[in-house]
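Would you be able to build a 3D model of this:
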Amino acid sequence: MATLDQKSPNVLLQSLCCRVTGKSEAEVAHLFQYAVRVIGSNYAPTIERDEFLVSEKIKKELLKQRREPDAALFSELHRKLQTQGVLKHRWSILYLLLSLCDDPRKPSSRVGNYGALFGQGLPRDSHSTPFYCTRPQSLPLSYPERSAAIQNASSMGTSGIGSLGVYSFNGPMPNHQSLLVGQPPQSFVDSVRGSRLAWALPMTTSLSGSAAPTSRLPPGPPAPVGRAPLRQRREGDSAEISEVALVRDILYVFQSIDGKFIKMSTPENCYKIDSKLPLCKSLRDMSSRLAELGWLHNKVRKYTDSRSLDRAFGLVGQSFCASLHQELKEYYRLLSVLHSQLQVEDDQGALDSALTLKRLLVWTYDPKVRLKTLAALVDFCQGRKGGELASAVHTYGKTGDPNMRALVQHILGLVSHPILNFLYRWIYDGELEDTYHEFFVASDPTVKTDRLWHDKYSLRKSMIPSFITMDQARKVLLIGKSINFLHQVCHDRTPPGKIMPPSKSADSPKDAAELFTDLEGAFQEKIDAAYFETSKYLLDVLNKNYLLLEHLQAMRRYLLLGQGDFIRHLMDLLKPELARPATTLYQHNLTGILETAVRATNAQFDCPEILKRLDVRLLEVSPGDTGWDVFSLDYHVEGPIATVFTRECMSHYLRVFNFLWRAKRMEYILTDIWKGQMCNAKLLKSMPELSGVLHQCHILASEMVHFIHQMQYYITFEVLECSWDELWNKVQQAQDLDHIIAAHEVFLDTVISRCLLDTNSRSLLNQLRAIFDQIIEFQSAQDTLYRSALEELQLRLQFEERKRQRQEEGEWGVTAEQEAEEKKRIQDFQDTIPKMRSQLRILSHFYQGIVQQFLVLLMTSLDESLQFLSFRLDFNEHYKAREPRLRVSLGATRGRRSSNI
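Okay, the predicted model is just below:
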């Protein structure tokens, strides 16, 4: 049994205390009690229990110290430990090792001796309720140990109202004897200097009855004369409650504990004195005013109690609770001194008490104002967390009261410290460890790598603190997003430290408060420096390693038909293939023709990386489609450049290519029509009956050529070239990848809109396609006319040739029969000419009607460039004379539109 006792946790813990301090068991009894409290507390790290993450952090810390062999050894030992299964709580051991690894660049937090280590008390995060100092004599630590603890804790952050960071076992203040024997130690005087709560309170003798008073209470309202002895007051007076009894009750109420006479009224939510008790009106009023302090304390304490153990409240919320604990700590210091004074009076049997209700009103005025501020702040922050909570605290600090502003500023420094740590991890390492969704940058882990830039990271606008502008938040988002894009998409392994120099992080809430008070100075400089360096490095990687600008120019040359010689030669080669039905086309044949066109033109000098991405694509086939209707060029994009050339952008490029390809085909057709007219003009001079029809063909062809040339000029120069010039200037001046993406999207939207491919120009596009169809129909009609005319001409020439040969042979040129047959055939041909003329007249009339409707739609468009296009298309005002709606001037149109607006 003795062996088992030696292995019990209590025995082992006591042995550990003896081993650490080097003292005997009797001397470490109070330290052993403290250690038991530490083990039994709820203190735990607020990070996810991820063994892999902790091991990676340890290796990263070793690498920072340039201890690569130690990092490799640790990795190997950790792997062996995982395979053996000796330890059940490996994460806890690793986390302990990580906690023991101090950064030499940070201020040392080690204590000078182990007695001071045990004297610091539990951290505030390990308690769900504040400490009460109702029994100072129960403190187990002696004065020297307590003073050592105060000296080691004097550097902890305060709000400017006293030393708020000193902890002890049962309360926030040392034992009252240490304040009452002679002068207080200098370390304690430093820790409470400037306090508005405890420093203004009395310090009288208390340790023994023989000690003479060293200080007196500050002057206050005179104590009532002729008061009964204290012992008689304790026995009570059936006639009226004594003031001393009320003071004792009030001290309990200050701690939110119901007293004998003053109790909490739940329905009215306030402390009330029983109306049946015999008490004068003045004492009743003063007691009610003092009881408000307890109600305020109760409100703040309930908030901290309910939130301190709520892990979902997050680090920012826990920092807010910690700041409230610090403020309450000084309030408890006041209560401790008041209790000590009351205890001294009881021990000495003083007849006149220094604690009166009037003096309590004076001494608790400042604490009451501060607790009112805290209670109002708690109400204002209800239901908020993360950056939204920090915004609420910052907004509440916009007041003209310097004391309240200093208090809120101190709380804001504590609350904003986790946000600043989130921010530095994000902009310098690209890491986002936001377990409770407090940071204003959100991550979606379900998004794939190819959509990382667009969809994975976003701004939580509700979590952006009010002291951070939207422009700063956007830059913060871009910085971390750029780092992750480089690592995950570009596979760039350059450490973030080489991309930009690391900055000193906010090691304390004071650093955070100082940084956020200079939002347009140091903070803005840090953000701007990280933003410019990261964005510049990302753009350099995209341009040098992935040829972003070269791909952008390739889109302009091939999909927007900028490479003129290549497009013309490709059309010449594809003409026989594309004239066939779409169902008879094979993609590999078209791909071969494409490669031939590349080798035969200047396109062969392009980068091989670009040429291998150029391909042929066949669109969906509809009944009656030819190859011209389904053919399209394609450009394959993948990897980082797919972030700029997204699927939506590529679909826009294909739509624009099909439109430009169709317009180019119209120009190609009209060129063939003009060549046919020029070639056949002299041949058909011997057929005067065709002069009228041919003249009609020439006129209609000229109208169509003029229309297509003006449309091509508009598309090529006013749309493509102007938009491309704007895009290229914006890309050259872009500061980050988002600027390039936005400029590219604006370019495509402009081209889509001005090429009549958007939903608002649906009617214009339909009219334009109808005009294109009329051009194709006119080509077919003219080909039919020339084919029949050439056949007739050929027959006439053959007849004349036979006639000449017979005459040379000395015979008659023709017989009567042959002559009659020839005349009949010529007559039949001449009878078809009116039909051809009628067909051309109908075609011309229909074409002019469509053009006229197209001009009316252009004239009523809100785009002035389209209105100018209508003037160029109707340069001789032929259609204006036929259509009254075209007679409205451009100035009148502008005026009418502005009046409607």
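
so what does the longest helix seen in the chain touch, helix or strand wise?
Secondary structure assigned by DSSP state H gives helix 762-808 as the longest helix of the chain. Applying 3 or more CB pairs under 8 Å, 6 or more residues apart in numbering; DSSP states H and E, we find helix 762-808 packed against helix 647-683, helix 691-713, helix 816-859. Yep, even glycine has a C-beta here, placed from its N, CA and C like the rest.

ok, residues contacting the second one?
It refers to helix 691-713. For helix 691-713, contacts defined as CB atoms under 8 Å, 6 or more residues apart in numbering pick out 663, 666-667, 670, 673-674, 677, 681, 684, 768, 771, 774-775, 778, 782, 785, 833, 836-837, 840-841, 843-844, 847-848, 851, 869, 872-873, 875.

quick one: residue 859 and residue 884 touch, right?
No: counting by CB atoms under 8 Å, residue 859 sits too far from residue 884 to count as a contact (11.3 Å).

Would you mind grabbing the residues shared as contacts by those two?
Here residue 859 and residue 884 have no joint contacts, going by CB under 8 Å, 6+ apart.

Looking at those two, which is more packed in?
Remark: of residue 859 and residue 884, residue 859 carries more neighbours, 21 against 8, as counted by other CB atoms under 10 Å.

centre of the chain versus stretch 828-836, how much separation?
Centroid displacement of stretch 828-836 relative to its chain, using CA atoms, centre = their mean, to the nearest Å, is 75 Å.

contacts for that stretch?
The contact list for stretch 828-836, computed with CB under 8 Å, 6+ apart, reads 689, 690, 692, 693, 781, 785, 788, 792.

got the buried residues for the helix or strand hosting residue 412?
Residue 412 belongs to helix 402-429 when assigned by DSSP states H and E. By 16 or more other CB atoms under 10 Å, the buried positions in helix 402-429 come out as 404, 407-429.

what does stretch 850-863 give?
Going by 16+ other CB under 10 Å, stretch 850-863 has these buried residues: 850, 851, 852, 853, 854, 855, 856, 857, 858, 859, 861.

wait, what's in contact with the third one?
Which is residue 852. Taking CB under 8 Å, 6+ apart, we find residue 852 in contact with 879, 882, 883, 886.

From residue 21, how far off is it?
104 Å (CB to CB, to the nearest Å).

swap in the second one?
Between residue 851 and residue 21 the distance is 102 Å, computed by CB to CB.

where do the helices sit along the stretch 301-450 of the chain?
314-348, 357-363, 365-380, 386-396, 402-429 (DSSP state H, counting those that start in this stretch).

re earlier: how much does the helix holding residue 412 deviate in direction from helix 314-348?
Relative orientation of helix 402-429 and helix 314-348, computed by axes from the mean of the first three to the mean of the last three CA atoms, to 10 degrees: 140 degrees.

average pLDDT for helix 402-429?
Across helix 402-429, pLDDT averages out at 90.

Distance from that helix to the middle of the chain?
Mean-position distance between helix 402-429 and its chain equals 20 Å (CA atoms, centre = their mean).

before we move on, the earlier item: and of the contacts of stretch 828-836, the nearest to residue 572?
Nearest to residue 572 out of the contacts of stretch 828-836 is residue 781 (CB to CB; 23.6 Å).

per-residue confidence for that closest one?
92.

do residue 448 as well
91.

what about it, distance to residue 746?
The gap separating residue 448 from residue 746 is 26 Å, by CB to CB.

between these two, who's got more neighbours?
residue 746 (14 against 8).

and the more buried one, that one's in a strand?
No: under DSSP: H, G, I helix; E, B strand; the rest coil, residue 746 falls outside any strand and is assigned helix.

contacting residues for it?
Neighbour list for residue 746: 727, 730 [criterion: CB under 8 Å, 6+ apart].

Next one: it relative to residue 650, how far apart?
Applying CB to CB to residue 746 and residue 650 gives a distance of 17 Å.

what about the closest residue to residue 250 other than its chain neighbours, is that helix, strand or coil?
Among residues not flanking residue 250 along the chain, residue 290 sits closest, at 5.0 Å (CB to CB, 6 or more residues apart in numbering). Using three-state DSSP, the structure places residue 290 in helix.

What score does residue 290 have for pLDDT?
Residue 290 is assigned a predicted lDDT (pLDDT) of 90.

I'd like to know how far it sits from residue 805.
Distance from residue 290 to residue 805, by CB to CB: 140 Å.

Then residue 244?
153 Å.

Can you list the low-confidence ranges for the stretch 101-250 of the chain?
Filtered on pLDDT under 70, the stretch 101-250 of the chain yields the residue ranges 102-240.

Local confidence estimate at residue 521?
Looking at residue 521, the pLDDT reads 75.

Also the one 3 residues further on?
At residue 524, the predicted lDDT confidence score is 87.

count of residues packed around the closest residue in space to it that isn't next to it in sequence?
What sits nearest to residue 524 in space, not counting adjacent residues and going by CB to CB, 6+ apart, is residue 472, at 7.1 Å. Residue 472: 20 surrounding residues under other CB under 10 Å.

in what helix or strand does residue 472 lie?
Using DSSP H and E, residue 472 falls within helix 470-488.

Can I get that helix in PDB, CA atoms only?
What follows is helix 470-488, C-alpha atoms only, in PDB (Å, rounded to 0.1, in the frame of the first residue of the first chain):
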ATOM      1  CA  MET A 470     -12.200  49.300 -46.500                       C
ATOM      2  CA  ASP A 471      -9.100  50.100 -48.600                       C
ATOM      3  CA  GLN A 472      -6.800  48.800 -45.900                       C
ATOM      4  CA  ALA A 473      -8.900  45.700 -45.500                       C
ATOM      5  CA  ARG A 474      -8.800  45.100 -49.300                       C
ATOM      6  CA  LYS A 475      -5.100  45.400 -49.300                       C
ATOM      7  CA  VAL A 476      -4.800  43.000 -46.400                       C
ATOM      8  CA  LEU A 477      -6.900  40.500 -48.300                       C
ATOM      9  CA  LEU A 478      -4.800  40.800 -51.400                       C
ATOM     10  CA  ILE A 479      -1.500  40.400 -49.500                       C
ATOM     11  CA  GLY A 480      -2.400  37.100 -48.000                       C
ATOM     12  CA  LYS A 481      -4.200  35.900 -51.100                       C
ATOM     13  CA  SER A 482      -1.100  36.700 -53.200                       C
ATOM     14  CA  ILE A 483       1.100  34.700 -50.900                       C
ATOM     15  CA  ASN A 484      -1.200  31.600 -51.000                       C
ATOM     16  CA  PHE A 485      -1.600  32.000 -54.800                       C
ATOM     17  CA  LEU A 486       2.200  32.000 -55.200                       C
ATOM     18  CA  HIS A 487       2.600  28.800 -53.100                       C
ATOM     19  CA  GLN A 488      -0.400  26.800 -54.200                       C
END
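
Report the mean per-residue pLDDT for that helix.
94.

ok now do residue 13, which residues does it touch?
32, 35, 36, 39.

how about TSV for these, with secondary structure added?
What follows is the contacts of residue 13, written out as TSV (three-state DSSP):
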residue	secondary structure
32	helix
35	helix
36	helix
39	helix
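
May I see those residues organised as JSON lines, with pLDDT added?
Output for those, formatted as JSON lines (pLDDT from 0 to 100):
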{"residue": "32", "pLDDT": "82"}
{"residue": "35", "pLDDT": "79"}
{"residue": "36", "pLDDT": "78"}
{"residue": "39", "pLDDT": "74"}
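
quick check, nearest of those residues to residue 819?
Using CB to CB, residue 39 is the member of the contacts of residue 13 that sits closest to residue 819, with 130.6 Å.

quick one: the residue lying closest to that closest one once chain neighbours are set aside from residue 27, how far?
Counting by CB to CB, 6+ apart, residue 39 lies nearest to residue 13, which is 7.3 Å off, once chain neighbours are set aside. As judged by CB to CB, residue 13 and residue 27 stand 15 Å apart.
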